[in-house]
Structure formats: C-alpha cells, structure tokens
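> test case, fold it:
(chains A and B)
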Amino acid sequence: MEPATDPFVTPSTGLGSAALRQRPPSSGPTERPALLPGACRDEGGALSAAMFLYGGGAKHAGSDWFGFEGVDGGNSTLVCVSERRGVLAHLERLETQMSRSCKNLEDPPRETAESDLGTKIHKLRCLRDKLRAEVKQRQARIKASTANAEPDQTLEISEQEAVGGKEENMKAILQAYRFTGLSGKRTSRGVCVCISTAFEGNLLDSYFVDLVIQKPLRIHHHSVPVFIPLEEISAKYLQTNIQHFLFCLCEYLNAYAGRKYQADQLQRDFAAFLAGPLQRNSLCNLLSFTYKVEPQGRSFPFCARLLYKDLTTTLPTDVTITYQGTDASSTSWEEQRASHENLFFTKPLYQVFTSFARNGERLDMSLVS
Amino acid sequence: MDETVAEFIKRTILKIPMTEMMTILKAWDFLPENQLQTVNFRQRKESLVQDLVLLCESKRASLRDAALLDIICEDVDLFDMERFKSSFEKILRRALKNVTVSFRDAEENAVWIRIAWGTQYRKPNQYKPVYVVYYSQTPYAFTSFCHLKSNTPLLSQALTVASNHHKIVKMDLRSRYLDSLKAIVFKQYNQKFETHNSTMPLQETLELDMHMDSRIIHENKIEKERVQRVTQETFGDYPQPRLEFAQYKLETKFRSDFHGGILAERKEPLRCLIKFSSPHLLEALKSLAPAGIADAPLSPLLTCIPNKGMNYFKIRDK
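Reported below is the predicted structural model:
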C-alpha cells in the first residue's frame, strides 16, 4: 500500500524526510516493542506521526502495522506501534509517548536550571540593593527639604490639621448634644432618639427610642420603663405630630426622673430625719413617710403623704401632713404642720429637709444663747 | 374617622369605671343626650364601648375630640402599696379563712407575696407556698408554680381587683429565672442603642476562630459571613434572656414533598408535642446556624420567642 495515497497517513515534516516502510507483523498482537528513546526534536511531530499512523491503523483494524522511521540529520527515531486494539490502549500509548518525550526534553536542562536560578537570585539581589539605595537617597532629600522649611509643605500640613481639628470639633458637638436633653442619631432604619433627663442641674438617666421610618412610623425598640405610658403617648401623637410625641415623652421621663431623684436623695442623704421606711411606687408619684424635724428627735414624728397626680411635674399636687403626737391640738404644732404642708407643695424634697436641718441649727443656737 | 382615632377613643372609654361613665360622657358633651339614652348602659363593658365607638364614628369624632375626652377622664394611676396589700389580703380572706399571706417589699417597685393555702377544714400548708411578685403600676405579675390549681382563679381575682385592673390573662411564658422573665416582659433585653457617644464600630468584623492556623483557609467564607450576619440581625449582640424550654403543641395536617405515604393521606390533623430543652435555650438557638446544624435564617417559630413573650405554643392549621 502506498503511504502517500492513504488519506490517513501523511508524512510529518518535522522529522525531515521520512520513509515509510511497511514491516510485516513479527509476532502476535500482544508484543509491544519498546520505543527507542532517541533524541526527538519535535514531540509534536512524533505525536502527530503516531496519530496519523494510528489513523491508518484504525482503518485497517489492527491487521497491519506500520513502522515509522524519521531520518533527519542523524537523529533518527524508530517508533513502532503495537497491534493492541481499543481507545484506552491507544490513549495509554499516547501517554507513555508523551511522558518519554517530556523526559527527553527535561533531562538536559536539569543542570542548567540550577544555574539559571542562581543567576536569577543574583539579579534580584542587585535590584534590591539598587532600590534600597534609591530609597535612602529620597529620604535624605526629604529631610534636607524639610530642614529648609519650605513654606508650601507646611501649609499643606496645617490645612490637614485644620480639617482634622474641625472633624474633632464636630464630633464633640454631636456628643455634647445630649446635654440639651433631646438628641438623635441616624440609623440604617431611621433614627435613634436619646432623651437625657435632668433635674435641677443634675444629669440623670438617658432613655432611648429607636424609630423606624416607614409608613406608618413605628418604634423598633426602646428603653423607656414599662410604667411610663409610652403606648398612650404614641397612640396619640406618633403618627400625626412627631415633635409633640417627643416633647410629651421628654416631659414624662424628665418628671419621673426628677421625682425618683428626690425620693432617692431623701432616702440617702436625709435618712436621719426619717422615722420609718419611705414607701414609694414605680412612678414615684405616691410617697408616704414619717419624719421628724430634728434627727435626734425627742418630738413626735409627722406623717406625710405626697401625691403627684400630674405625671409631668416634679412637685406634688396633694400634700397631707398629719401629726400623731399627744398634744396634737396645740397651736404651735398646727402652725408647724401648715408650714410644712406649704413647704412640700412649693419646694423639692431635699430643699424642704435642708430647711428643717437649718431650722434645727437655729433652734440649737437659740437654746445655747 | 380613621382607625387610630377609633382605637384611641375605645381605649379611653374602656379605662372609665362604669360608675363614672355617664358623668364623664356628659361632661365631654360630644354625644348628645338623646343619643346617649339609646345606649344600653347595663350591658357588658366591651359591648357598651363598641356601641359608643360606633356612635362616635357616626358623628365623625376627630382627634381633638378624642383628646378632650382623654383630658376629662385622666385617671392617673396612684398605686398605693399599702392599699394594694390590704385589698389583696382582704379578698383572699373573704373567700378562704385558712390562708396565710405575707408581704415583703423587694426592690423599690416590687412586692413579694407569699401565700400558704389551706382549705375550709385544714390549716394552711406552710411547706407548699405560692410566691407572687408584682411590679406596681405595671400590668404584670409573676407567680411560682401552684400545686393546688383550684386556688388559681381566686389568686387571679385578688391580683386583678387589688391592682385596679379589670382582667387578668395567663401568659404562655415560663422559666426558672425571674430576671429573664422580667427582661422579656419589660422588654429590657435589647438595650444596645446607637449614639454618637458609643465607640461601636460601623462594621462588625467577622471573627473566625482566632486560634486557627493561618495556613488554613475557609473555603466557604462568604456563606459563613452570611450566616453570621443573619444570626446577628435576628438575635442581636446582647445576652439572651434565659429560658429552659420551648414547647410546641401541633395540631396540623402532615405536609410532605412526597405524594402519597401513609401520613400524607390522613384527613384528621396530626397531634404531636415538640419540646426543646436546654440550660440556656435562646443562646442554643442562636448558635445553631453558625455551628452548621441548621440553616439561617431559623424558623420564625423559634426566633419569635422573646418578641412575643411566649415559649408555649399551640399551632393549628388555619
């Protein structure tokens, strides 16, 4: 069979002129002649050669086999294809061929690879030294120039400082806003309002209301105590007049904080004047206690009952003072009782008791003198 | 008249005691005399309120009118601890002679009540008392487990009347930790708020295991971050209130993806009880998705527990 006319087999140019010779099958299909590991310049060529060979083989169903001899400048390769059939077998052959041809290429460069890396390292080291020297030069230049105090550079720095200072100032103002009693911060959902309560110049607790800006406006969560009528206030004003809602809530919370502060202070600082425990409720709008005008009290105590019916005030709306002593009918005690009532109506608790303390001192002074 | 105004009027009228209803409505002067006379004031309060609200709607009450009514019947809750205690004890003693009631003032606005129940013929059993904690001027009371269930209605009535409320409802919320119950019911658990003063970072950085070898790379980092984000949105950063159980009573039809099967063909609903228990249930639920045991987001039946204030659920088909 003439190889030139066979459409499946074409001579590969890479291997130079090739002469196809047909070899008779020497042994059975199981024999696998080894591939001679000759120098193979063009692995692609060898591969393609094998493929083309196989192409021919497939057509002729393993009956014939071709030996392919490439002759070029002395490097000749004898590639023999065995007769084993099947795609897997062919792939196996290709694989072994590939690995052999790769190894052929790899082996010689192994010695040169090391020297290549060595030169690479050397080159990189030189580059590094060069860059280091350059960096040192630049730093020296910068130092020299700043030593000369060039005006435009310092101007830049002072501008930056000014902007930084403004930012700090702004942050401080935002933080200080809580001293106004009502401040807020934008959140991803809406706004978080902070109500900072105070009483007579004393900063007390802060309460938060996290609002979600949607239609309808709603409260996401809050730290308002449960006995403050938040639901009522929001039912009245939240949807229609949010300013009024916030001011109303502020009023309630500030009044509650003020009443609580007064009650706490009474228990803490004027405990000596109290003859029994101070009774109070959650809203601190009903206080009931017994007190004496003098801490060392030989006198009988007074019973006080203060009602704060208006939840937005820190002064009581109803005051009842009773005197339990034996000489309850005497006018002096009646006068005292009336004056005490007046005091409780008009002054916060600590002021009332401070005046008791001062009166007590005055009394002592009068006794001494 | 829109819904908010109607709701507001309804709530305001509900607060008026029946004895003062007529006087206050007359003082309000919004509903004319002849219309008021058509209303039956002897019916139950809820129905009466409904009739009144309908009348207001027909007369197109505005928010101003509603606010005026509110001012007139402004009844500030003046809770008097002594009056509460005496009223409470009186109600119990009137019904049951053999009962021991003692009070202790705990924190400023709470009172602890200890009740030892007896019967008509037996002295109170001091070894099985019931404890009740009531926070003044709040609509909540916490009770310990009562062995004698027959006394519960009496206890409820005493609490309701003494605290000046008109109804008491048992919540489906139980736990061994009173503080956690308080936190859930008074909504004190989610206390992180954004302010200018806080040093909270704008973006929470994902903190994967700090002890991990730096050579280990998380292949599913994006998914892990998503799970963390969803968990954080659902549960927040704060410590969760402590509950031990969540119980779901299901009475639903069985739903499955496979057509056929014995359970799918049942016409009657399936009855089963699912109980989750843990030393700290909410923290356990929070860690389910990050641990990879469950998908994020978790079922809303699990995540709604603190919001709804329930950990005993009855689920039926709609």
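> doesn't B:Lys187 belong to a strand?
No: residue assignment for B:Lys187, taken from DSSP: H, G, I helix; E, B strand; the rest coil, gives coil, which places it outside any strand.
> go ahead and confirm it touches A:Leu230.
No: using C-beta atoms under 8 Å, B:Lys187 is not in contact with A:Leu230, being 10.3 Å away. Backbone N, C-alpha and C define where each C-beta goes, glycine included.
> identify the contacts common to these two.
Common neighbours of B:Lys187 and A:Leu230 are listed as A:His222 (criterion: C-beta atoms under 8 Å, 6 or more residues apart in numbering or on different chains).
> mind pulling the model confidence for B:Lys149?
Among the per-residue scores, B:Lys149 holds a pLDDT of 84.
> roughly how far apart are it and B:Ser102?
The gap separating B:Lys149 from B:Ser102 is 22 Å, by C-beta to C-beta, to the nearest Å.
> higher neighbour count, the two?
It is B:Ser102, of B:Lys149 and B:Ser102, that has more neighbours when counted by other C-beta atoms under 10 Å in any protein chain shown, with 12 against 7.
> next secondary structure after the helix or strand where that one lies?
For B:Ser102, the host element (DSSP states H and E) is strand B:99-105. Taking DSSP H and E as the definition, the helix or strand that follows strand B:99-105 towards the C-terminus is strand B:110-117.
> please name the strands paired to that following strand in the sheet, noting orientation.
In the sheet containing strand B:110-117, its partner strands are strand B:99-105 (antiparallel), strand B:130-135 (antiparallel), by DSSP bridges.
> what's the most buried one of these?
Between the strands paired with strand B:110-117, the one whose residues have the most neighbours on average, counting mean count of other C-beta atoms under 10 Å in any protein chain shown, is strand B:130-135 (a mean of 20).
> which residues of the stretch 251-369 of chain A lie near chain B?
Applying C-beta under 8 Å from any C-beta of the partner chain, we find that the stretch 251-369 of chain A lies next to chain B at A:277, A:279-283, A:285-286, A:288, A:307, A:309-311.
> so, low pLDDT: which residues of chain A?
Of all residues in chain A, those with pLDDT under 70 make up the ranges A:1-84, A:106-111, A:149-153, A:297, A:325-329, A:363-369.
> the helices in the chain, which residues?
In the absence of a named chain, this looks at chain A. A:43-59, A:87-106, A:109-147, A:151-176, A:230-237, A:242-269, A:331-346, A:349-368 (DSSP state H).
> if you could check chain B rather than the one you did, that'd help
If you assign secondary structure with DSSP H, the helices in chain B sit at B:3-15, B:21-28, B:33-38, B:45-58, B:63-72, B:81-95, B:152-162, B:178-185, B:221-235, B:281-288, B:300-303, B:305-308.
> flag the helix or strand of chain B with the lowest per-element mean pLDDT.
helix B:63-72 (a mean of 76; mean pLDDT, DSSP states H and E).
> can that helix be found next to chain A?
Yes: for helix B:63-72 and chain A, the contact criterion (C-beta under 8 Å from any C-beta) is met by B:Leu63, B:Ala67, B:Asp70.
> so for that helix, what gets flagged as buried?
Residues of helix B:63-72 classed as buried by neighbour count (16 or more other C-beta atoms under 10 Å in any protein chain shown): B:Leu63, B:Asp65, B:Ala66, B:Leu69, B:Asp70.
> what sits closest to the first one if chain neighbours are left out?
Right, the one you point to is B:Leu63. Computed as C-beta to C-beta, 6 or more residues apart in numbering or on different chains, the closest residue to B:Leu63 that is not its neighbour in sequence is B:Val5, at 5.4 Å.
> same check on the last one?
Computed as C-beta to C-beta, 6+ apart, the closest residue to B:Asp70 that is not its neighbour in sequence is B:Thr12, at 5.2 Å.
> residue numbers of chain B in contact with chain A?
Contact residues (C-beta under 8 Å from any C-beta) of chain B with chain A: B:4, B:7-8, B:11, B:63, B:67, B:70, B:76-82, B:105, B:108-109, B:135-138, B:140, B:185-188, B:190-191, B:193-197.
> in ChimeraX, how would I select the buried members of those residues?
Selection of buried members from the residues of chain B next to chain A for ChimeraX, criterion 16+ other C-beta under 10 Å:
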select /B:4,8,63,70,77,78,79,80,81,108,109,135,136,137,138,185,187,188,190,193,194,195,196,197
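> looking at strand pairing, list the partners for the closest residue to B:Asp105 other than its chain neighbours.
The shortest distance from B:Asp105 to any non-neighbouring residue, by C-beta to C-beta, 6+ apart, is to B:Val111 (5.8 Å). Assessed by DSSP bridges, B:Val111 has beta-bridge partners B:Asp105, B:Tyr134.
> cool, thanks, talk later.
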